[in-house]
Structures are given as C-alpha cells and as structure tokens.
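[1] based on what follows, work out the 3D shape:
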Amino acid sequence: MGIPGRPPNFILQRRLAQAILGKEGTVAYKEYVTTMRRQLMAGILPPAIHQLFLHYGFGKPVDHIEVTEKKDAMVDLTEDQLRDRARRLAMAKFILPDREDDETDTPSPASTESDTTTDTVQ
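    Below you'll find the predicted structure:
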C-alpha cells in the first residue's frame, strides 16, 4: 500500500530514516538536530543537506517551466506587412531615415567620404 505521488518504498525509507535519526522528541533526534545546526553555522554542512533544509523550511522553488505551443504572430503577415514592420522598427532605432522626410538633405556615405578624404602630399 503506497502513498499517491510517492515512490512505492516511501514508507520503508521514512521508517529507516526515523530509525537512524530518531523520532522527533527523542534524545537521538535532538542530538542530530544539534549536529546539523552546528554544521550549518560552521559552513561545513553538505550542500545537498543544506538545500533540503531550505526546501523543507521554505518550500521548493519551481524547477520547470510549462511551455504551451504558441503560434508566431508574424507567420500570417504578407511580405509588404513584414517590410513595413521592419521599416518602422528600423526608424524607431534610428537606423533608417524616415521615408516621409526629405532624404536629399542627408548626404550619402559615398559623397561624404570623397569630400573628407583629400590627401595632400607635400
């Protein structure tokens, strides 16, 4: 006879641990708790045991993330819609000039380089 959600030999494992550690309220149990407390305060308690104490004392944090399948919102967009979205994103990040602005005021990289890179040999 097992406990739902527990391994089949859970009761036997619990009884073994209680036999080794002593039941709560006994001298053996109090000695065990005192030893664990000393080790914890001295920083020599094994990390796995320390982690168990934290889980029992404060609850175990979630160790998995449930992922539900979610359809990509951009899958249904047309090419024109994708281009428009890319242009708007680029404008928001100042990568491209605004198409509605007059682009003739902005010098092209090629004309800027030729104007500023005049080498003079003396």
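
[2] quick check: which ranges of the chain have low pLDDT?
    Along the chain, segments meeting pLDDT under 70 span 1-2, 69-71, 93-122.

[3] give me the residue at the spatial middle of it.
    Geometric centre of the chain, nearest residue: residue 65, 9.9 Å, by CA atoms, centre = their mean.

[4] which elements pack onto the lengthiest helix in the chain?
    Of all the elements of type helix in the chain, the one with the most residues (DSSP state H) is helix 27-42. Applying 3 or more CB pairs under 8 Å, 6 or more residues apart in numbering; DSSP states H and E, one finds that helix 27-42 contacts helix 10-21, helix 47-58. Heads up, the C-betas are built off the backbone N, CA and C, glycines and all.

[5] just checking, what packs against the last one?
    In this case it means helix 47-58. Partner elements for helix 47-58 (3+ CB pairs under 8 Å, 6+ apart): helix 27-42.

[6] what about 7 Å?
    Here helix 47-58 touches no other helix or strand, going by 3 or more CB pairs under 7 Å, 6 or more residues apart in numbering; DSSP states H and E.

[7] try the first one
    Using 3+ CB pairs under 7 Å, 6+ apart as the contact criterion, the elements in contact with helix 10-21 are helix 27-42.

[8] the helix it packs on to helix 10-21, inter-axis angle?
    80 degrees (axes from the mean of the first three to the mean of the last three CA atoms, to 10 degrees).
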